[in-house]
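> structure for the following, please:
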Amino acid sequence: MKILIGTPIHQVKDYSMERWLQNVSKLEYPADFLMVDNSPGPDYIKRVKNYCTKYGIKNYKIVHIELPLEQEKHERIARSREIIRQELLARDYDAWFTWECDQIIPTNALGKLVSIMKSGNYMMVNPNKWNREISTDPNTDFGCSLIRRELLEKYGFLNAPNNWVDGEAWFKDRVLKGGGNYINIYGIINPIYHLNNS
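Residues are numbered from 1 along each chain as shown. Sure thing, here's the model as predicted:
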């Protein structure tokens, strides 16, 4: 499968960015890489490019979007994801690997997700993890998920309810209502380190 790693980034996540990009550089499954920076102003891109150079990441693209400062985090993320979606649809990618920039995963994680997707003919594979704040609660976000092109051809991210707060659950609901499928699997990607700003 031809995969696009697509990730919204913001300068507030700089506490994790270098470690994350080092992790990206070691990923075993080949993939193209798109980051959408929604920081205020384009200055943060220079720092991210320096990290990419440090870890030998060459096959990447960074797009900056300028949004009003009053836009909430979830709306910035939704708009960034829509740019990733459009990039995937404009090219011949089979799936989008959504991978949040504060999560460190095993280097074979993407290969595992591709294998699971193919074996079960799933449209989305979501290897959930435990909540960073409450370790006994499951976290069902898109932190590190693989989504087939067919879903992205049908569904976008710009009209989620409640200012995009529930955008991921809303996306999954539309997948099921539209006759699609997905699988949530706990523990298949282990460990997933969700970094804190500390």
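> can you name every helix or strand that the longest helix belonging to the chain contacts?
Counting by DSSP state H, the longest helix found in the chain is helix 73-90. When contacts are defined as 3 or more CB pairs under 8 Å, 6 or more residues apart in numbering; DSSP states H and E, helix 73-90 sits against strand 3-9, strand 32-37, strand 95-99, helix 149-154, helix 167-177. All C-beta atoms are positioned from the backbone trio N, CA, C, and that covers glycine.
> helices or strands next to the helix or strand following the last one in the packing?
Tracing the chain C-terminally past helix 167-177 and defining elements by DSSP states H and E, one meets strand 183-184 next. Helices and strands touching strand 183-184, by 3+ CB pairs under 8 Å, 6+ apart, are strand 124-126.
> once you drop chain neighbours, what's closest to the residue most central in space within the chain?
Ranked by distance to the mean C-alpha position of the chain (CA atoms, centre = their mean), the top residue is Thr98 at 2.3 Å. Counting by CB to CB, 6 or more residues apart in numbering, Thr98 lies nearest to Phe142, which is 4.5 Å off, once chain neighbours are set aside.
> ok so that neighbour is a helix residue?
No - when the secondary structure is assigned by DSSP: H, G, I helix; E, B strand; the rest coil, Phe142 falls in coil instead of a helix.
> so, low pLDDT: which residues of this structure?
129-140, 160-165, 198 (pLDDT under 70).
> mind redoing it with 80?
Across the chain, residues meeting the criterion (pLDDT under 80) sit at 70-71, 128-141, 159-167, 198.
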